[in-house]
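[1] Build the 3D model from these lines:
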Amino acid sequence: MDELQRKMEPNLEQTLQEGKLYRQINALIVAYLRDYNLTQAASAVASATMTSLNVDTPPYKLIDLVAKGLAVEKDEMLKGGVPSAAFLDSGAVMPVTYGSIPATRTVAVDFGAVHDTKGSSKSFPKHETRHVSEHKNLARCARFSLDGRFVATGSADMSIKLFEISKIKQMMLPDANTRDGPVRPVIRTFYDHIQPINDLDFHPQSTVLISGAKDHTIKFFDFSKTVAKRAFRVIQDTHNVRSVSFHPSGDFLLAGTDHPVAHLYDVNTFQCYLSANVQDLGISASINQVRYSSNGDMYVTASKDGAIRLWDGVTANCVRSIVGAHGTAEATSASFTKDQRFVLSCGKDSSVKLWEIGSGKLVKQYLGAAHTQLRCQAVFNETEEFVLSIDEQSNEIVVWDALTAEIVARLPSNHIGAPRWLEHSPTEAAFVSCGTDRSVRFWKEIL
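    Residues are numbered from 1 along each chain as shown. Below you'll find the model as predicted:
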């Protein structure tokens, strides 16, 4: 009898542990459904699992745990050199280190204290700049890879250029062109669109770059292949694709188009989904930009009607509309802070604004840069200590202290005519500017 009991005890302990885990999972699911107003589903799950509908569990804990689990899974895949995206071309050779994010410099800004800012503004470090390439027509957009190793630019000449950052830095050295000939930072050039390119994004794990263009397509390029010039997959949309953004998992992407609601695509099946409450929104304006938050819980759209809208990343429902965020002028860009509590927006009313997501209130306004004509971007630097945008009238890049909203630098753009686009590296003190003069310039801190 004692021997039988000893054999049963481990199994009993295991059963108890599993039961406790199941109860925790059920509580997380019920809390998630309840707090996302899916009351009927929450009640059904609570009843079926004998879980209290009023369980005291934070509503976002389930999403946070799933996000952390996916991050661990991604890290394990990368260590093993296994691509996570099923759509990656089978012949692709993916660098094992691609997608592994280097440690960024410490984020020095506490946006929780944004309402009560005191003290002097920080000094913006001195930067040097270099013309690194030129398109045959307007350079319209740019995007860095998440690991900061690459930047891509898209043009009205329908081409995409892919740059390797290490080669750009080598190009900027004083004796760069006296060793083994000139350094060529453009490592790939893609040609597959028939109309100008509006936006770009990198897959978070795989060596895949996507582009959205006026020809109503989203194209997938595998940049691990040295000879590939054309897309290996294409999504045919029904509208001008003005903006694209990958979900952090890499399994979905958003397309902001001339349609008023972002199109959500499964990248493996290309099935398109629209917001469930699209009929109730009563909006008709095109989307200038769409961006996911860092964990995919939300996404934000900046529209031609001047509104900034926040959307649930799971249900695709609009959860907050900031109507008239930029008056009657177009809202041209919008992006989340790293802590996902604020959104930075830019508009053709010559303003850059910081919004609190929870309340929808304006908490900071960055003024002093005129932008009324181009699809101007406002971006944070990699530590979120500074905000950068463009002054079309003076042809300068304007820099504000993110907390005090004071202008701390005005940098002559060195473009002929104002730049159309700014994009900052996510990992270091470096950014690119794209110009109506067709040129691409790289900027980096002088160390």
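
[2] rest of the way, CA atoms for contacts and neighbours
    OK.

[3] mind checking how far Asn240 is from Ser350?
    Counting by CA to CA, to the nearest Å, the gap from Asn240 to Ser350 is 25 Å.

[4] and what of Thr404?
    Distance, Thr404 to Ser350, by CA to CA: 18 Å.

[5] can you check Arg149 too?
    Arg149 sits 32 Å away from Ser350 when distances are taken as CA to CA.

[6] List the buried residues for stretch 364-380?
    Across stretch 364-380, burial judged by 16 or more other CA atoms under 10 Å covers 364-366, 368-372, 374-380.

[7] and the two most separated of the residues you listed?
    Distances among the buried residues of stretch 364-380 were taken as CA to CA; the most separated pair is Lys364 and Leu374, at 22.5 Å.

[8] What is the burial count for the residue lying closest to Ile322 once chain neighbours are set aside?
    Nearest residue to Ile322 in three dimensions, chain neighbours excluded: Ile308, at 5.1 Å (CA to CA, 6 or more residues apart in numbering). Neighbours of Ile308 under the rule other CA atoms under 10 Å: 31.

[9] per-residue pLDDT, Ile308?
    Ile308 is assigned a predicted lDDT (pLDDT) of 96.

[10] The helix or strand of the chain with the lowest mean pLDDT: what's the following helix or strand?
    None of the helices or strands of the chain scores lower by mean pLDDT, DSSP states H and E than helix 61-80, at a mean of 63. Elements were assigned by DSSP states H and E; along the chain past helix 61-80, the next helix or strand is strand 127-134.

[11] Buried ones in that following strand, by neighbour count?
    Going by 16+ other CA under 10 Å, strand 127-134 has these buried residues: 129-134.

[12] what's the answer for stretch 330-345, then?
    So for stretch 330-345, counting by 16+ other CA under 10 Å, buried means 330-338, 340, 342-345.

[13] In CSV, please show the C-alpha coordinates belonging to it.
    Output in CSV follows, covering the C-alpha atoms of stretch 330-345 (Å, rounded to 0.1, in the frame of the first residue of the first chain):
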residue,chain,number,x,y,z
GLU,A,330,-4.5,66.2,-43.2
ALA,A,331,-2.9,64.0,-40.5
THR,A,332,0.2,62.7,-42.3
SER,A,333,1.9,60.4,-39.8
ALA,A,334,1.2,58.7,-36.5
SER,A,335,3.2,56.3,-34.4
PHE,A,336,3.3,54.8,-30.8
THR,A,337,5.7,55.5,-28.1
LYS,A,338,7.6,52.4,-26.9
ASP,A,339,5.4,52.1,-23.8
GLN,A,340,2.3,52.3,-26.0
ARG,A,341,0.7,55.0,-23.8
PHE,A,342,1.1,57.8,-26.3
VAL,A,343,0.9,58.5,-30.0
LEU,A,344,3.0,61.1,-31.9
SER,A,345,1.2,62.6,-34.9
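
[14] Quick check: mean pLDDT of it?
    95.

[15] Residues contacting that stretch, please?
    With contact meaning CA atoms under 8 Å, 6 or more residues apart in numbering, stretch 330-345 is reached by 111, 288-294, 300-308, 325, 346-349, 352-358, 375-379, 384.

[16] Now which of the residues you listed would you call buried?
    Neighbour-count burial (16+ other CA under 10 Å) applied to the contacts of stretch 330-345 gives 111, 288-294, 300-308, 325, 346-349, 352-357, 375-379, 384.

[17] contacting residues around Ala152?
    Going by CA under 8 Å, 6+ apart, Ala152 touches 142-144, 160-163, 200.

[18] pretty sure Cys318 is in contact with Thr301, am I right?
    No - Cys318 is beyond contact range of Thr301, at 10.0 Å (criterion: CA atoms under 8 Å).

[19] any shared contact partners between the two?
    Both Cys318 and Thr301 are contacted by 309-310, under the criterion CA under 8 Å, 6+ apart.

[20] How about Ala378, nearest residue that isn't a chain neighbour?
    With CA to CA, 6+ apart, the residue lying closest to Ala378 is Ser389, at 4.7 Å.

[21] partners of that neighbour in the sheet?
    Beta-bridge partners of Ser389, counted by DSSP bridges, are Val398.

[22] From Gly435, how far off is it?
    Ser389 sits 13 Å away from Gly435 when distances are taken as CA to CA.

[23] so which helix or strand takes in Val352?
    Under the criterion of DSSP H and E, Val352 resides in strand 351-356.

[24] Tell me the strands beside that strand, with direction?
    Here strand 351-356 is paired, per DSSP bridges, with strand 342-347 (antiparallel), strand 362-366 (antiparallel).

[25] can you list those in CSV and add distance to Thr153?
    As requested, the strands paired with strand 351-356 are arranged in CSV below (distance: least, CA to CA, whole Å):
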stretch, distance to Thr153
strand 342-347, 20
strand 362-366, 27
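
[26] wait, which of those strands is closest to Ile416?
    Each of those was scored for nearness to Ile416 using CA to CA, and the closest is strand 342-347 (22.3 Å).

[27] any idea how far the closest one is from the chain center?
    For strand 342-347, the gap between its own C-alpha mean and the chain's C-alpha mean amounts to 13 Å (CA atoms, centre = their mean, to the nearest Å).

[28] give the contact list for the residue nearest to Ala378.
    Counting by CA under 8 Å, 6+ apart, Ser389 touches 369, 376-379, 397-399, 422.

[29] For Ala44, which three-state class applies?
    Using DSSP: H, G, I helix; E, B strand; the rest coil, the secondary structure recorded for Ala44 is helix.

[30] ok, now Ser243?
    Three-state assignment for Ser243 (three-state DSSP): strand.

[31] quick one: low-confidence parts of the stretch 51-200 of the chain?
    Regions of the stretch 51-200 of the chain meeting the criterion pLDDT under 70 cover residues 58-60, 67-68, 70-119, 176-180.

[32] Please enumerate the helices of this structure.
    For the chain, the helices identified by DSSP state H occupy 2-35, 39-49, 61-80, 165-171, 278-281, in order along the chain.

[33] What about Val234, how many residues nearby?
    For Val234, the count of nearby residues is 15 (other CA under 10 Å).

[34] OK, contacts around the residue nearest to it when sequence neighbours are not counted?
    Sequence neighbours aside, Lys219 is the residue nearest to Val234 in space, at 4.6 Å (criterion: CA to CA, 6+ apart). Under the criterion of CA under 8 Å, 6+ apart, the contact list for Lys219 reads 210-212, 231-235.

[35] And the residues you listed, which is closest to Pro248?
    When those are compared against Pro248 (criterion: CA to CA), the nearest one is Ile210, at 14.2 Å.

[36] Distance of that closest one relative to Val432?
    From Ile210 over to Val432 the distance is 19 Å, taken as CA to CA.

[37] Ok, Cys141 next?
    For Cys141, the distance to Val432 under the criterion CA to CA works out to 10 Å.

[38] Check Val323 too.
    Here the criterion is CA to CA. By it, Val323 lies 31 Å from Val432.
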